[in-house]
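Trainee: Dropping the sequence and predicted coords here.
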Amino acid sequence: MTVVRQMIETWRHVFKLDPDRAISEEDLRAVCQSGTDGILVGGSTGITYDNTARLMSGIQRYGVPCVLEVSDLSAVVPGFDAYLIPMVLNSPDPAWIVGHHRRAVERYGDFIPWELLLTEGYIVLNGNSAVARLTGADTGLSADGAAAYAHIADKLMTLPIVYLEYSGSFGDAETMQAVREAVGHARLFYGGGVTGPDQAKLAASLADTVVVGNIIYTDIGRALSTVEAVKSDAAI
Ligand SMILES: CC(C)=CCC/C(C)=C/CC/C(C)=C/CC/C(C)=C/CC/C(C)=C/CC/C(C)=C/CC/C(C)=C/COP(=O)(O)OP(=O)(O)O
Ligand SMILES: O=P(O)(O)OC[C@@H](O)CO
Ligand SMILES: [Mg+2]
């Protein structure tokens with residue numbers, strides 16, 4: 001197992017910071033010193049080399065693991081602890097599954113530090129999210145349909161991460177349960193609509209790793225409260 005795989009195996013809670021959104025120094029420090037297991041840097045639109053590099057530098061002052069979730073080839077910045085590479089499994093457009101990836105591998109070739117890369121099999125389920133619009137993901141899946149993608153990612157593709165993505169809204173319980181049952185060896189990431197302790201505990205009871213994003217920018221206190229909620233053993 002690679003070092004970065006070992007690292008994510010320990011993650012229960014991570015914050016996702018978007019290079020395209022402003023955050024104060026005070027809030028950045030609070031997020032980085034919150035006791036979270038890592039910071040994911042990522043977003044689906046407006047991501048540039050400069051805003052990504054600036055955010056990376058800000059986070060790295062605090063010593064928390066800092067990982068780039070690559071969404072744009074022009075914004076691959078050296079210096080992160082690891083690179084997560086999304087594949088949107090329920091997109092009908094192969095560009096979001098392997099197309100951009102082929103271009104990236106052609107472009108970076110021998111310079112790719114493969115031991116720092118991990119692939120994420122995304123299942124995108126909130127049709128109103130930016131990532132669903134960008135990738136045209138088929139968000140009308142039943143619980144069984146979502147679980148089928150999870151089986152494909154976990155068993156046929158043996159991906160290290162299955163990412164159940166409801167960005168902007170909290171997930172459907174039946175679907176979350178079905179995906180949980182389908183994922184065996186992969187790490188199950190859940191993200192979407194975790195805005196306080198109750199949702200954080202519920203997500204933590206089903207997923208291995210809970211990702212908290214948008215609430216950082218609207219209510220920092222509630223965002224910080226999710227760390228302890230996820231890391232405490234009790235599930236609601
Ligand atoms: C020396 C050195 C560092 C070399 C570089 C090595 C390297 C990392 C090379 C790249 C290798 C590679 C294969 C790259 C893939 C390139 C690529 C562009 C792939 C496409 C990825 C993809 C499917 C993107 C779609 C969007 C997506 C899934 C983004 C993930 C993050 C996400 C869902 C954010 C949420 O978005 P947000 O904007 O917050 O949405 P809301 O508004 O709904 O909140
Ligand atoms: O922004 P939220 O809704 O918390 O979702 C987190 C993350 O899964 C987004 O990619
Ligand atoms: Mg977001």
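Mentor: Sure, I can see it. Ligands and ions are numbered 1, 2, ... in the order given.
Trainee: can we go C-alpha only for contacts and neighbour counts from here?
Mentor: Will do.
Trainee: now the strands for the chain?
Mentor: If you assign secondary structure with DSSP state E, the strands in the chain sit at 13-17, 38-41, 66-69, 82-88, 117-124, 161-165, 187-191, 209-212.
Trainee: What parts of the chain come near ligand 1?
Mentor: Counting by Cα under 6 Å from any ligand atom, the chain comes close to ligand 1 at 42-45, 70-73, 76-78, 83, 85-88, 96, 100-101, 104-105, 111-113, 129-131, 167-168.
Trainee: tell me the average confidence for stretch 185-194?
Mentor: Averaging pLDDT along stretch 185-194 yields 98.
Trainee: residues making contact with it?
Mentor: 8-9, 154, 158-171, 180, 199-200, 203, 207-215, 226 (Cα atoms under 8 Å, 6 or more residues apart in numbering).
Trainee: So for that stretch, what gets flagged as buried?
Mentor: Going by neighbour count (16 or more other Cα atoms under 10 Å), the buried part of stretch 185-194 is A186, R187, L188, F189, Y190, G191, G192, G193, V194.
Trainee: anything in it sitting right up against ligand 2?
Mentor: Yes - residues of stretch 185-194 are located near ligand 2 by Cα under 6 Å from any ligand atom, namely G191, G192, G193, V194.
Trainee: from these, which is closest to G140?
Mentor: Among the residues of stretch 185-194 next to ligand 2, G192 lies closest to G140 (Cα to Cα), at 16.3 Å.
Trainee: Tell me where the chain has helices.
Mentor: 3-9, 25-32, 49-60, 99-108, 130-135, 143-151, 173-182, 197-206, 220-231 (DSSP state H).
Trainee: Go ahead and confirm A207 touches E181.
Mentor: No - look at A207 against E181 with Cα atoms under 8 Å: they stay out of range, at 10.3 Å.
Trainee: ok, the two, which is more surrounded?
Mentor: Each of A207 and E181 has its neighbours counted (other Cα atoms under 10 Å); A207 has more, 24 against 13.
Trainee: separation between the residue nearest to that one when sequence neighbours are not counted and T2?
Mentor: Nearest residue to A207, sequence neighbours excluded (Cα to Cα, 6 or more residues apart in numbering): L188, at 5.3 Å. Per Cα to Cα, to the nearest Å, L188 is found 18 Å from T2.
Trainee: got it, and G99?
Mentor: Applying Cα to Cα to G99 and T2 gives a distance of 25 Å.
Trainee: C66 against G38, yeah?
Mentor: Yes - between C66 and G38 there is a contact under Cα under 8 Å: 6.0 Å.
Trainee: what's near enough to touch G213?
Mentor: F15, K16, L17, G191, G192, V194.
Trainee: okay, these in TSV with distance to S57 next?
Mentor: Formatted as TSV, the contacts of G213 follow (distance: Cα to Cα, whole Å):
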residue	distance to S57
F15	16
K16	15
L17	13
G191	24
G192	26
V194	26
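Trainee: Which of those sits closest to I220?
Mentor: Nearest to I220 among these, counting by Cα to Cα, is F15 at 11.5 Å.
Trainee: How many neighbouring residues does the closest one have?
Mentor: Using other Cα under 10 Å, F15 has 26 neighbouring residues.
Trainee: so who does it touch?
Mentor: Counting by Cα under 8 Å, 6+ apart, F15 touches V31, T36, G38, I39, L40, V211, V212, G213.
Trainee: let's go with 7 Å and repeat that
Mentor: Residues near F15 by Cα atoms under 7 Å, 6 or more residues apart in numbering: G38, I39, L40, V211, V212, G213.
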